[in-house]
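*Asks:* model the following, please.
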Amino acid sequence: MTQDIDQLAINTIRTLSMDAVQKANSGHPGTPMSLAPVAYELWQNHLRYDPANPIWPNRDRFVLSAGHASMLLYSMIHLAGVRKVDEDYNVTDEPACSLEEIESFRQLKSRTPGHPEYRWTTGVETTTGPLGQGVGTSTGMAMASKWLGATYGAELFDFDVYALAGDGCLQEGISHEAASLAGHLKLDNLCWIFDNNHISIDGDTALAFSDDVLSRFEGYGWNVLRVGDANDTGLLGKAFDEFKAETGRPTLIVVDSHIGWGSPNKQDTESAHGEPLGDEEIELTKEAYGWPKDAKFLVPDGVRERFDDVIGKRGAEAHSAWVEKFDDFRSGNAEKAAELEMIQRRALPDGWDAELPSFEADEEKGLATRKASNKVQNAIAERIPWLIAGSCDLTDSTSVRLSDADQYEPGSYDGRQVHFGIREHAAAAACSGMSTAKLRPLWSTYLTFSDYGKAAIRLSAQMELPVIHLFTHDSIGLGEDGPTHQPVEQLAGLRAMPELDVIRPADANEVVEAWKIALDRTHCPVAMVMTRQNVPVFDRSRYASAEGVQRGGYVLADAEGGDPELILIATGSEVQLALGAHERLAGEGIRSRVVSLPCWEIFEKQDQSYRDEVLPPDVTARLAVEEASPLGWERYVGTEGAIMGMSTFGQSAPFADVEAEFGFTVDNVTKVAREVAERAAKSTT
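*Replies:* Numbers count the residues shown, from 1 in each chain. From the prediction side, this is the model:
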């Protein structure tokens, strides 16, 4: 092994990746083998990153959008000596990815899972694997860097974001949305590295992909560079330098590579992409690298020291210089420095909720919950200046306009109002990227179009990022726009997602409580679901306090003169129907209870005694009312109850006519409730 130390380090990355995939009998060895020089050159000579303090706020971000090549990232984290950060954001002396973890690749509870997972392995900046998600999220990271720099000073925040993408990432639709957005915003701190190896699982990408990628990105307004050989670290270094010198444009570096580089029989084949090389081929490849063919998980002497001497030393110096700048900043800007410290801890200012509105009863005209939400949002934004609001071309329709905020746009990166354009997928992913930088972002669209952003919403839940996904036009009650815009199955789909709290408030005061929940979250996204149409603001002197929303569900109105015979359960705009039926049933001598259940997930986390108090097990006569798919409601109504939901798509007509067509009227709810009560009474006699 007479190769120079840098080539030795590059081959160490390759062989660690090959050995880990082979031992696991699962994984993708080819891309780490071909891109080891790219990652090495970037980390060692360009990435502003301190392995000893991997959560330094102004560190550059490296995103492995081609997440199937996870062993490339794990090898870099291991060799660079990245330290583990605990749940309280304390840097420990423990390695983030030890050699034992490398040897446990893709095994249960190891820190080297099959695709990089945020919060699971320190050094992983975002969860990737679903192709295109990394580049989408990286756009939000770059936006956050620009916002932080414009707000607190470029001397404190000017970090760059690098995302390594493959053919699959650029084929996925999100890459088009994100690249278009980044070009429009002139994010010159964003660099995508395109691994142009022409291989995917099915074979040569020419089977389905013949885009002129360079022209495409030039059309987006990007600076496009090309490196003809992934092994040419000198040319790679020049490309990275040119990216850093570029102003006014994001950069795409197209790197021509050979997947499975060095493998005598599998280089440039699809088999190198998604399966182990095999013991015999690994031996042949190691011989081609000038490597001991029988060595497993070998890190030669001098390799770790080389990383320490280059990225370790350079990163420590850059971090130390930043700390000095921050101390100087603090001495003259104590209040702003305190803000930054709160941002990094995901903390909130004292009294952030002191000026939240309280809505007077209005059961005649009422108020759309989207409108109430905007009033609450603006009250919060005054106290939390790092709340960033955006929409997909629906700023006023979804009611997310910040009244005193500037637009986020080129030359005005301190703006807090983001226009994502009609790019739901990119908007959701970008908000996750902003959230990794500890900002508090929200994006919005109509509930039915949440489907466009579902993959990114799902990743925000997996990463436990407190993104606010705000959806309006939440039911058939939106009326004339018809079934293409009237959501039916979306609530059930969102509720099925782990680690996502879905909140559908019934009136303006429930909206206030929903926002309190959303802002209190540090490790959980929230989907807030609001009405387009006006709904009554309930008289809380007659009904229970909206604070019950904090427990997910609560008794809004109860029976008089004894225990309830019937329970009416509803969310959102249908709670008013349940209350109307409750009043009519009382006139008929039927004792009913109305339960508002805006958030199933929070309600399910309450202790059993509270849930039984709200929904007494011995009251089996139950009716759930929601203008959406009935899927899931059976857990609350049981075998003897009934569900009024949507089993078809909606129709186009004024909303009152549509609701009447599908039976969502006080008259019909009362009728069905009466039938449920009578059926239950007969079953007990």
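*Asks:* for T112, give its distance to I102.
*Replies:* Distance of T112 to I102, computed by CB to CB, to the nearest Å: 6 Å. In this view, the C-beta of every residue, glycine as well, is placed from N, C-alpha and C.
*Asks:* let me fix that, I meant to ask about D279.
*Replies:* D279 is 18 Å from I102, by CB to CB.
*Asks:* next up, the contacts around the spatially closest residue to D520 that is not a sequence neighbour.
*Replies:* Excluding the flanking residues, the one nearest D520 by CB to CB, 6 or more residues apart in numbering is L348, at 7.8 Å. Contact partners of L348, counting by CB atoms under 8 Å, 6 or more residues apart in numbering, are 342, 384, 519-520.
*Asks:* of the residues you listed, buried ones?
*Replies:* Neighbour-count burial (16 or more other CB atoms under 10 Å) applied to the contacts of L348 gives 342, 384, 519.
*Asks:* isn't there a helix covering the last one?
*Replies:* Yes - checked against DSSP: H, G, I helix; E, B strand; the rest coil, L519 lies within a helix.
*Asks:* contacting residues around it?
*Replies:* So L519 contacts 348, 352-353, 380, 384, 440 (CB under 8 Å, 6+ apart).
*Asks:* show me where the stretch 51-200 of the chain has its strands.
*Replies:* 61-64, 83-85, 91-95, 161-165, 190-196, 199-200 (DSSP state E, counting those that start in this stretch).
*Asks:* ok, the second one: who's next to it in the sheet?
*Replies:* So the one you mean is strand 83-85. Here strand 83-85 is paired, per DSSP bridges, with strand 91-95 (antiparallel).
*Asks:* where does the spatially most central residue of the chain sit: helix, strand or coil?
*Replies:* Centroid-nearest residue in the chain, with CA atoms, centre = their mean: S460, separated by 2.3 Å. At S460 the chain is in helix, as set by three-state DSSP.
*Asks:* pLDDT value on it, please?
*Replies:* pLDDT for S460: 98.
*Asks:* please tell me how far the residue nearest to D520 sits from Q651.
*Replies:* 44 Å.
*Asks:* for P410, same thing?
*Replies:* Distance from P410 to Q651, counting by CB to CB: 44 Å.
*Asks:* looking at the two, which has the bigger crowd around it?
*Replies:* More crowded of P410 and Q651, by other CB atoms under 10 Å: Q651, with 15 against 12.
*Asks:* for the more buried one, which non-adjacent residue is closest in space?
*Replies:* In this structure, Q651 finds its nearest non-sequential neighbour in V658, 5.6 Å apart by CB to CB, 6+ apart.
*Asks:* isn't there a helix covering the one you found?
*Replies:* Yes - the assignment for V658 (three-state DSSP) places it in a helix.
*Asks:* how near is the closest residue to P264 other than its chain neighbours to A318?
*Replies:* Spatially, and ignoring its direct neighbours in sequence, P264 is nearest to L284 (4.9 Å; CB to CB, 6+ apart). Applying CB to CB, the value for L284 to A318 is 41 Å.
*Asks:* tell me where the stretch 251-400 of the chain has strands.
*Replies:* Taking DSSP E, counting those that start in this stretch, the strands of the stretch 251-400 of the chain run over residues 251-256, 362-368, 387-391.
*Asks:* got JSON lines for these, with mean neighbour count too?
*Replies:* Listed next are the strands of the stretch 251-400 of the chain as JSON lines, based on neighbours: other CB atoms under 10 Å:
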{"stretch": "strand 251-256", "mean neighbour count": "22"}
{"stretch": "strand 362-368", "mean neighbour count": "15"}
{"stretch": "strand 387-391", "mean neighbour count": "25"}
